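Novice: Here is a sequence together with a model predicted from it:
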Amino acid sequence: MTSSRPWCGFARWLAIAASPSRSPYPSPSRSSPGPRAVAAAKGPPLRAVLWDLDGTLTDSVRLVVETMNAVIAAHGGPLLPYEKVGELTGLPLDAMFRLAWPDLGAADVESYRVEYRARYDGVAIPATRLYRGARTTLRDFHAAGLLQATVTGKRASDCERILRGLGIKKDIDVYLGGDSVPRPKPSPDLARYAMSRLGVSPHESVVIGDSAADLAMGKAAGAHTIQVLWGFSRSPLPDAERTVRTWRELREAVRVLGGPKPGILGRSGPLRS
């Protein structure tokens, strides 16, 4: 992967956010589709859910920022604010390093990438946790017959290691990451590859994420898009077809797309981990 692509354009779409995992803002108007939305739904019913990881399934954007700053500090660079790194989460590491060193050479990028991954493996991965409600939702979607894949900017092996370590083993059908395709987010390649692996069409798929790159990828791939507001971005983004601020709203949005599939909403009480 290279970092010469215009990632900065996506930064303009992102809201500057604090780190708490739950949004303090009222529900956006697009968050809860009603009966009219159900009746107006077009195309085939949903068959596949394509998940981002950091800021969507896992409360880990802070860990990405801390790991990046640890590498930067070790080489005398300026520490980066949460907002600057957070808005690039999911994109190649090159883009993050060049926030600190715009003229960083390819050899240094590769060296720092290796160091970042070693630190992330040793510190961040063991500290990664699912958002409350993620585990129940993944299992209920699986039980309802929905296919599920990851479409994270992380290496696919890291994603699989994280989720399997958190007890999510049988619910994810395909683990894909930034190293699974030649072009990373916001290119549609990763979402399209996930659809191909799952055997579904774009109109049968939804991309769920928290960042502009996630949603731009999904839209470019022709999939439905749902933005969660508990990750980095706390305001609706342009490519979000729907926005949700709770796991129950997410499950309802997927139910609307999926049609009358049993198990999508599941329990009527509070969602647990």
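Specialist: In hand now; what should we look at? Computed from a predicted model, the values in this text were never measured in an experiment.
Novice: residues in contact with Ile72?
Specialist: Contact analysis of Ile72 by Cβ atoms under 8 Å, 6 or more residues apart in numbering lists Pro78, Leu79, Leu80, Phe97, Ala100. Any C-beta I mention is one placed from the backbone N, CA and C, and that applies to glycine too.
Novice: of all those residues, which two lie farthest apart?
Specialist: Leu79 and Phe97 (13.0 Å; Cβ to Cβ).
Novice: buried sites along stretch 134-149?
Specialist: 134-142, 144, 146-149 (16 or more other Cβ atoms under 10 Å).
Novice: if we can go back for a sec, who has more neighbours, Leu79 and Phe97?
Specialist: Using other Cβ atoms under 10 Å as the criterion, Leu79 and Phe97 rank with Phe97 on top: 23 against 13.
Novice: Now do the contacts for that one.
Specialist: Here Phe97 is in contact with Ser3, Met68, Val71, Ile72, Leu104, Asp108, Val109, Tyr112, Arg113 (Cβ under 8 Å, 6+ apart).
Novice: which SSE is it in?
Specialist: Using DSSP states H and E, Phe97 maps to helix 93-100.
Novice: Using CSV, list the CA coordinates for stretch 84-98.
Specialist: Provided in CSV are the C-alpha atoms of stretch 84-98 (Å, rounded to 0.1, in the frame of the first residue of the first chain):
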residue,chain,number,x,y,z
LYS,A,84,-5.9,14.0,13.9
VAL,A,85,-5.1,10.3,14.3
GLY,A,86,-8.7,9.2,15.0
GLU,A,87,-9.9,10.7,11.7
LEU,A,88,-7.5,8.4,9.8
THR,A,89,-8.2,5.2,11.7
GLY,A,90,-8.8,2.5,9.2
LEU,A,91,-6.5,4.0,6.6
PRO,A,92,-2.9,2.8,6.0
LEU,A,93,-0.3,3.6,8.7
ASP,A,94,1.7,5.6,6.2
ALA,A,95,-1.0,8.4,6.3
MET,A,96,-0.8,8.6,10.1
PHE,A,97,3.1,8.7,10.1
ARG,A,98,3.1,11.5,7.6
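Novice: how about Ala118, secondary structure?
Specialist: Secondary structure state of Ala118, per DSSP: H, G, I helix; E, B strand; the rest coil, is helix.
Novice: Model confidence for it, exactly?
Specialist: What the model reports for Ala118 is a pLDDT of 95.
Novice: before we move on, what about the one 5 residues further on?
Specialist: At Val123, the predicted lDDT confidence score is 94.
Novice: Quickly note the distance from it to Leu63.
Specialist: Val123 is 8 Å from Leu63, where distance means Cβ to Cβ, to the nearest Å.
Novice: where does the stretch 151-273 of the chain have low pLDDT?
Specialist: Applying pLDDT under 70 to the stretch 151-273 of the chain flags residues 260-263, 265-273.
Novice: All the helices of it, residue numbers only.
Specialist: For the stretch 151-273 of the chain, the helices defined by DSSP state H, counting those that start in this stretch cover 156-165, 189-198, 212-220, 247-258.
Novice: for those, which one ends up most surrounded?
Specialist: Looking across those with neighbours counted as mean count of other Cβ atoms under 10 Å, the highest average goes to helix 212-220: a mean of 27.
Novice: what's the spacing between it and its chain's center?
Specialist: Here helix 212-220 is found 10 Å from its chain centre; the criterion is Cα atoms, centre = their mean, to the nearest Å.
Novice: Which residue ranges of this structure form strands?
Specialist: For the chain, the strands defined by DSSP state E cover 48-51, 147-151, 174-176, 205-209, 224-228, 242-244.
Novice: Which elements pack onto the first one?
Specialist: In this case it means strand 48-51. Judged by 3 or more Cβ pairs under 8 Å, 6 or more residues apart in numbering; DSSP states H and E, strand 48-51 is in contact with strand 147-151, helix 189-198, strand 205-209.
Novice: List of residues touching that strand?
Specialist: 57, 141, 146-152, 172, 191, 194-195, 198, 200, 204-209, 218, 223, 254.
Novice: Thanks again, I'm all set now.
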